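Give me a 3D structure for the following:
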Amino acid sequence: MSRTTNFKLFNLLRKDEPEAPRWDGRPCTLKDFLDDFGGFCSQYGVPEDRRMDALLRYAPDHDHHEHWKLCRRRTREEGWGPFCQLLIKNTPGADEERTFTKADLDELASEYRHKPKLSMEEFATLWKRFYVASQYLHSR
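As a prediction, the model looks like this:
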């Protein structure tokens, strides 16, 4: 795969800018982050052969940076898609459907139990988390 030389990575947003892509480090969100990052790259004109290099700029910490760099090394000639697949394969929990247990609902209840009054934003967060977990458990 030939490298596109006219694109400069320093044209991208810095990692600390509010609009910069961020991954929260949770394995269950890695696929979504990589999809979003692909869209970000398209928006900023990052050629596919430079996306792996671009992603390294947004690693949440040193360990992830090193992990992603090793995956890049293994898939450099194969491209973005195989790189993403390798990242997901080598991130335990990233290739599995998010699962919930009753303990997750108990933990959620404990987290909000002592708050006398919830703001609308807090309630919306609680409701989304409760609804997703309860529907998963109900379907099982």
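
CA atoms for contacts and neighbours, from now on please.
Noted.

Domain boundaries for the chain, per the record?
Domain assignment for the chain, taken from automatic domain parsing, gives 21-89, 102-139.

most tightly surrounded among those?
Mean neighbour count (mean count of other C-alpha atoms under 10 Å) peaks for domain 21-89 among the domains of the chain, with a mean of 16.

Quick check: the gap between the residue lying farthest from the centre of the chain and residue 122.
Outermost residue of the chain with respect to the C-alpha centroid, by C-alpha atoms, centre = their mean, is residue 116; its distance is 32.9 Å. As for residue 116, its distance to residue 122 is 12 Å (criterion: C-alpha to C-alpha, to the nearest Å).

picking up where we left off before, looking at the domains of the chain, which is nearest to residue 11?
Minimum separation from residue 11 across those (C-alpha to C-alpha) falls at domain 21-89, 8.4 Å.

what's the first-to-last distance across the closest one?
OK, domain 21-89 end separation, C-alpha to C-alpha: 21 Å.

Repeat that for stretch 12-30.
21 Å.

buried ones in stretch 91-103?
91, 93-95 (16 or more other C-alpha atoms under 10 Å).

how long is that stretch from one end to the other?
Span of stretch 91-103 from end to end, C-alpha to C-alpha: 24 Å.

And stretch 53-63, by the same measure?
16 Å.

Name the residues that touch that stretch?
Stretch 53-63 is contacted from outside by 9, 14-15, 21-25, 37, 65, 68-69, 72, using C-alpha atoms under 8 Å, 6 or more residues apart in numbering.

No further queries at this time; thank you.
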